[in-house]
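**Student:** quick one, structure for this:
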Amino acid sequence: MIDVKLLRENRELFYENCRKRFMDSAYLDRFFSLDESWRQKLKAVNDLKHTKNEISLKIADLVKTGRDTSSLKQEVRKLTEDIVKLEKDLTSIDMERTEVVRSIPNLIHKSVPVCKGDENNEVVRFSGNAVVHESDVQYFKENTPKGSEFTITKDKAVSHVDILEKLNLIDLARAGKTAGARFYYLKNRLVKLEMALMNYAVDFLSERGFTIVEPPFMLNYAAMDAVTDLETFKDALYKIEGEDLYLIATAEHPIGAMLKDEIVEESELPMRVAGISPCFRKEAGAHGKDTKGIFRVHQFNKIEQFIFCKPEHSWDFLEELLKNAEDFCSSLGIAYRVVNICSGELSVLNAKKYDIEAWFPAQGKFREVVSASNNTDYQGRSLNIRYRTKNGNQVVNTLNSTEVATTRMLVAITENFQEKDSKGIAVPKVLIPYTGFDFISS
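**Tutor:** Residues are numbered from 1 along each chain as shown. Down below sits the predicted model:
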């Protein structure tokens, strides 16, 4: 939620922000209309209360002299009725105004490219040495900075679906039979590889000062509505029928909601939290995209980074979260690029977002494996999370980033570490201590 005081004082700033996001400014129009109505009614209430107090004083004086006060008392009763009616109107307007405020997007950072469409995201850098099939070289060069390292191959990598099924590591057909599309059974050493990824990520972030948390896998409406833009996000969420509960789509949500309505000490900030959880997503709107395999699925495991901090530090922490995720990808030996997401593709919460897109040689494409966002005080204000200062309580800033979404990283490893002729998959060196093996074969 945006700062209403800032909105009132910088009306044109928010209209410009909507233009940069390519969003309709109707919400702003509605807010200012409601706000003006609220102010007028508040003034009317205060004026009536003032009049009522003056008449009450007159009544008190008349009572002392034994004079008739019935007409004045009738006037007071009428004023009271008018005040009650106006106060009900004020409450109703305030509720609608609050809902409208929640629809007004966060102010984007000046470094965000102003445009829309994924193809217009700004490529910040490339890291690693990508193995690129000769037919994909032109695409690779066009989508990476000049001088990015790559090795050309004539041997096209095999789809992760084909090699994982060949090696008896997944069963998609039976998952489809028992649960439907976009579900899977992981099997044998692929399960151990996934566990290795999670354990390695936990140790990786523990060494960087993060508290490891396994949160609830469900949230009630109040928590979910405060931590995200529920109206926009609801089509992606699984609702528990007959219960005030939603399955979480990411650990960001229960971690953020963990401090809802709390005031923390300034000395407690920053708080670095790593959430380990399954994630459940309907993937509404993704029809026809990645319908086969385990890249885009309804259920997956993820390690999420989250930081609560003071406003003056949040932009430094966005770079810290991004570095953690980049270092993790690099340590696995995955080539990737970092993109600065353009204004038209940001959620209403985001002031800025980076994506890390790994190179997938079988697909011949960069695909998103990490998102790192700074939500500034927008999410903290909705959650009512504050910290004490000598000048009064202030709203915290919140940031979040994927560390690893396991199924997507398993696909990246499968495509980047497969042996020729699909004979097997090499295990990234940093994961061998966690797996106990260095190669996966049939």
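
**Student:** and the residue nearest to residue 320 when sequence neighbours are not counted, how many neighbours does it have?
**Tutor:** Closest residue in space to residue 320, ignoring its immediate chain neighbours: residue 307 at 7.8 Å, by Cβ to Cβ, 6 or more residues apart in numbering. Yep, even glycine has a C-beta here, placed from its N, CA and C like the rest. Residue 307 has 24 neighbours, counted by other Cβ atoms under 10 Å.

**Student:** then the one 10 residues further on?
**Tutor:** A total of 22 residues lie near residue 317 under the criterion other Cβ under 10 Å.

**Student:** wait, is it part of a helix?
**Tutor:** Yes: counting by DSSP: H, G, I helix; E, B strand; the rest coil, residue 317 falls inside a helix.

**Student:** if I look at it, how far off is residue 209?
**Tutor:** From residue 317 across to residue 209, the span is 12 Å (Cβ to Cβ, to the nearest Å).

**Student:** before we move on, what about residue 377?
**Tutor:** 23 Å.

**Student:** those two: which is more packed in?
**Tutor:** Taking neighbours as other Cβ under 10 Å, residue 377 and residue 209 compare with residue 377 leading, 22 against 11.

**Student:** need phi/psi at that one.
**Tutor:** phi -100, psi 0 (degrees, to the nearest 10).

**Student:** just how off-centre is stretch 258-265 within its chain?
**Tutor:** 19 Å (Cα atoms, centre = their mean, to the nearest Å).

**Student:** repeat for stretch 73-80
**Tutor:** The answer for stretch 73-80 is 52 Å, by Cα atoms, centre = their mean.

**Student:** what mean pLDDT does that stretch get?
**Tutor:** Averaged over stretch 73-80, pLDDT sits at 92.

**Student:** same thing with stretch 255-275?
**Tutor:** For stretch 255-275, the per-residue pLDDT averages 98.

**Student:** hmm, back to that, if I've got this straight, the residue nearest to residue 320 is in a helix?
**Tutor:** No: per three-state DSSP, residue 307 lies outside any helix segment and is strand.

**Student:** for it, report the pLDDT, please.
**Tutor:** 98.

**Student:** isn't it up against residue 380?
**Tutor:** No: counting by Cβ atoms under 8 Å, residue 307 does not reach residue 380; the two are 11.1 Å apart.

**Student:** so for those two, which residues contact both of them?
**Tutor:** By Cβ atoms under 8 Å, 6 or more residues apart in numbering, residue 307 and residue 380 have these common neighbours: residue 398.

**Student:** care to break the chain down by domain?
**Tutor:** 4-103, 118-441 (automatic domain parsing).

**Student:** end-to-end on the last one?
**Tutor:** Using Cα to Cα, to the nearest Å, the gap from the first to the last residue of domain 118-441 comes to 37 Å.

**Student:** got it, and stretch 168-188?
**Tutor:** End residues of stretch 168-188 are separated by 8 Å (Cα to Cα).

**Student:** which parts of that stretch are buried?
**Tutor:** By 16 or more other Cβ atoms under 10 Å, the buried positions in stretch 168-188 come out as 169, 170, 171, 172, 175, 182, 183, 184, 186.

**Student:** for those, which two are the farthest from each other?
**Tutor:** 169 and 182 (17.6 Å; Cβ to Cβ).

**Student:** low-scoring stretches of this protein, by residue?
**Tutor:** Counting by pLDDT under 70, the chain contains low-confidence ranges at 232, 284-287.

**Student:** narrow the buried residues of stretch 168-188 to those in strands?
**Tutor:** Among these, the ones falling in strands (DSSP state E) are 170, 171, 186.

**Student:** look up the closest residue to residue 192, ignoring the ones flanking it.
**Tutor:** residue 435 (5.4 Å).

**Student:** same question, residue 187
**Tutor:** If the residues on either side of it in the chain are set aside, residue 187 comes closest to residue 169, at 5.4 Å by Cβ to Cβ, 6+ apart.

**Student:** I'd guessed the one you found sits against residue 184; true?
**Tutor:** No: using Cβ under 8 Å, residue 169 makes no contact with residue 184, being 10.2 Å away.

**Student:** before we move on, the earlier item: hey, what's the residue nearest to residue 320 bridged with?
**Tutor:** Beta-bridge partners recorded for residue 307 (DSSP bridges): residue 272, residue 399.

**Student:** contacts only, for it.
**Tutor:** Residue 307 makes contacts with 270, 271, 272, 273, 317, 320, 321, 398, 399, 400, as judged by Cβ under 8 Å, 6+ apart.

**Student:** so it versus residue 264, what's the distance?
**Tutor:** 13 Å.

**Student:** which neighbours do the two share?
**Tutor:** With Cβ under 8 Å, 6+ apart, residue 307 and residue 264 have common neighbours residue 271.

**Student:** for the protein, what's the longest helix?
**Tutor:** Assignment by DSSP state H gives helix 26-64 as the longest helix of the chain.

**Student:** which strands and helices sit next to that one?
**Tutor:** On a contact count with 3 or more Cβ pairs under 8 Å, 6 or more residues apart in numbering; DSSP states H and E, helix 26-64 meets helix 11-21, helix 70-103.

**Student:** what count of nearby residues applies to the residue lying closest to residue 196 once chain neighbours are set aside?
**Tutor:** Counting by Cβ to Cβ, 6+ apart, residue 196 lies nearest to residue 434, which is 3.6 Å off, once chain neighbours are set aside. Neighbourhood size, residue 434 [other Cβ under 10 Å]: 16.

**Student:** swap in residue 150?
**Tutor:** Using other Cβ under 10 Å, residue 150 is surrounded by 19 other residues.

**Student:** beta partners of it?
**Tutor:** Beta-bridge partners, per DSSP bridges, of residue 150: residue 130.

**Student:** quickly note the distance from it to residue 121.
**Tutor:** In terms of Cβ to Cβ, residue 150 sits 20 Å off from residue 121.

**Student:** nearest to residue 408, of the helices and strands packed on helix 26-64?
**Tutor:** Nearest of these (Cβ to Cβ): helix 11-21, 27.0 Å.

**Student:** from the chain's centre, how far out does the closest one sit?
**Tutor:** 21 Å.

**Student:** helices and strands around that helix, which ones?
**Tutor:** helix 26-64.

**Student:** buried sites along the helix it packs on?
**Tutor:** Here helix 26-64 shows 27-28, 30-32, 34-35, 38, 41, 45, 48, 52, 55, 59 as buried, counting by 16+ other Cβ under 10 Å.

**Student:** of these, which is the nearest to residue 418?
**Tutor:** residue 27 (49.0 Å).

**Student:** correct me if wrong: the closest one contacts residue 97.
**Tutor:** No: counting by Cβ under 8 Å, residue 97 is not a contact partner of residue 27; they are 10.8 Å apart.
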